[in-house]
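Student: I need the structure of the sequence given here:
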Amino acid sequence: MNKKSAVIVFPALVFAAVLTAGLFDRTVRAQEQPSKTVADNVYSEVQATRGAASYDTACSGCHRPDLGGANGPALRGERFARIFAGKDLKTLYTKIATTMPRGAPASLGDAVYLDIVAHILRENGFPAGDNELTAEQLSGLQVIPGRAKPPPPVGDFSYIEAVGCLTPGPENTWLLTNGSEPVSLVAADANKATATDRPLGTQTYRLLDALAYTPEAHKGHKMYVRGLLIKLPGEQRMTISALEMVAPSCK
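Tutor: Purely as a prediction, here's the structure:
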């Protein structure tokens, strides 16, 4: 081989080697990524229910019963996604199993920590499946941002929200007329912002204790109401924990 050919061949070989190494590295990294996510029905409902009981005893004092955070950080919603999304589930499990509960870390046992992780997944809106989460699965499951949990069904004494028109009723009572369908929610998750654009409907609610909210100032306004629903034959009543104007007109 003459010198001119050698000069041409050597850079080509180097380029090919670098390209091959890069492709190999990307292939290895792709293979290392978890092939499933926590949205793939990776725990059972029974397991999450056990985890809820263990969480309530060992964790809720610092993280709140609804996982919203208090002395300890929140374990659901935006913070959960910011800290754990994109990582494998073993990262979350290891953090909990080696540092919690405060004052007695690693004291609950592997099975209990797996149950608690299942409970956290359920509270972040990930669906249950037929099989329980196991330690062997953790590294192969990627955490993704949580999903909104479906609201609980509406029933008598449900905590609900609705919008409608504030209207005077008989005998110095006040009604929410043209009301939207009631949406059941957990008290800690109540958020007026989710309901302000809700259209009016056909429901009527008799508002209990409305006089405490100076209703005359909002007569005919579109209002947001949150409280307990009381279903009676032929009538729906609501206690009031929030009564706020959405718009100055119901038109």
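Student: in the stretch 1-150 of the chain, which spans are helices?
Tutor: Counting by DSSP state H, counting those that start in this stretch, the stretch 1-150 of the chain has these helices, from start to end: 3-32, 45-58, 60-63, 77-84, 89-99, 110-123.
Student: Name the residues of stretch 76-85 that are buried.
Tutor: When neighbours are counted by 16 or more other CB atoms under 10 Å, the buried residues of stretch 76-85 are found to be 76-77, 80, 83-84. All C-beta atoms are positioned from the backbone trio N, CA, C, and that covers glycine.
Student: Show me what the mean pLDDT comes to for it.
Tutor: In this model, stretch 76-85 has an average pLDDT of 90.
Student: which residues are in contact with that stretch?
Tutor: Residues from elsewhere that reach stretch 76-85, judged by CB atoms under 8 Å, 6 or more residues apart in numbering: 66-69, 73-74, 91-92, 120, 123-124, 143-146.
Student: Can you tell me which of these has the most neighbours?
Tutor: With neighbours set by other CB atoms under 10 Å, the maximum within the contacts of stretch 76-85 is found at Ile120, which has 28 neighbours.
Student: check contacts around it.
Tutor: Each residue near Ile120 by CB under 8 Å, 6+ apart is listed here: 51, 55, 67, 75-76, 80, 92.
Student: Spatially, which two of those residues are the most separated?
Tutor: The distance between the two most remote of the contacts of Ile120 (CB to CB) is 15.3 Å, for Gly51 and Phe80.
Student: surely Leu207 meets Asn172?
Tutor: No: with contact defined as CB atoms under 8 Å, Leu207 and Asn172 do not form a contacting pair (11.9 Å).
Student: Settle it for me: which of those two has more neighbours?
Tutor: Neighbour count, other CB under 10 Å: between Leu207 and Asn172, Leu207 has more, with 24 against 8.
Student: Distance of the more buried one relative to Gly220?
Tutor: Plainly put, Leu207 is 14 Å away from Gly220 if you go by CB to CB, to the nearest Å.
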